[in-house]
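>>> my questions concern the predicted model and sequence given below.
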Amino acid sequence: MTSKTRVLFICTANAARSQLAQALLRHTDSEHFEAFSAGTVPTQVDPRTFDALSHLGVSTEGLRSKSIDEFRGERFDFVITLCDKAAAECQSLPGAGEVLAWSFEDPVASTKPDAFRHTLHEIHERIKMFVLVKTKR
């Protein structure tokens, strides 16, 4: 049994935000955290997600779009939703310890030129703070 803190990131399509968050948490502190991601209505990972992560030197190994159904019956210390739609749909996820709602603009739907890098940066800042706060015991 692992003593790592298990974190599940959820957004609607599991195409960008939750993938970025999963990869960034893994990159930032894989010693203390185990990161997972899923979507309420999964599609596929947007190629720009991989580009943004690679640009930052973050591993994209094993990233794929998956449904929260894959994690039914699993226990998570934190379930973090990354959009309002997922937050509304995941109020009562069984096996969730603490549920946090972080809201980030969807870079897939954005018309901003650097939407993916911008979202990556915003999520990275939030994750660094989360790691800082949750590893102070």
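All right, it came through fine. Note that this is a predicted model, so its numbers are computed, not measured.

>>> need the contact list for the closest residue to Thr81 other than its chain neighbours.
Nearest residue to Thr81 in three dimensions, chain neighbours excluded: Ala87, at 4.1 Å (Cβ to Cβ, 6 or more residues apart in numbering). Just so you know, the C-beta spots here come from the backbone N, C-alpha and C atoms, and that holds for glycine as well. Counting by Cβ atoms under 8 Å, 6 or more residues apart in numbering, Ala87 touches 81, 101, 103.

>>> only whichever of these are buried, select them in ChimeraX.
Here is the ChimeraX command that picks out the buried ones among the contacts of Ala87, judged by 16 or more other Cβ atoms under 10 Å:
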select :81,101
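
>>> could you dump the contacts of Ala87 to a markdown table with pLDDT?
Conversion of the contacts of Ala87 to a markdown table gives the following (pLDDT from 0 to 100):
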| residue | pLDDT |
| --- | --- |
| Thr81 | 90 |
| Ala101 | 90 |
| Ser103 | 90 |
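
>>> thinking again about what came up before, which SSE is the residue nearest to Thr81 in?
Following DSSP states H and E, one finds Ala87 within helix 84-89.

>>> where do the strands of this protein begin and end?
Taking DSSP state E, the strands of the chain run over residues 5-11, 33-39, 76-81, 96-101.

>>> can you put those strands in CSV and add distance to Ile68?
Converted to CSV, the strands of the chain look like this (distance: least, Cβ to Cβ, whole Å):
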stretch, distance to Ile68
strand 5-11, 6
strand 33-39, 4
strand 76-81, 9
strand 96-101, 10
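
>>> thinking again about what came up before, pLDDT of the helix holding Ala87, averaged?
Mean pLDDT, computed over helix 84-89, is 75.

>>> I appreciate the help and will end here.
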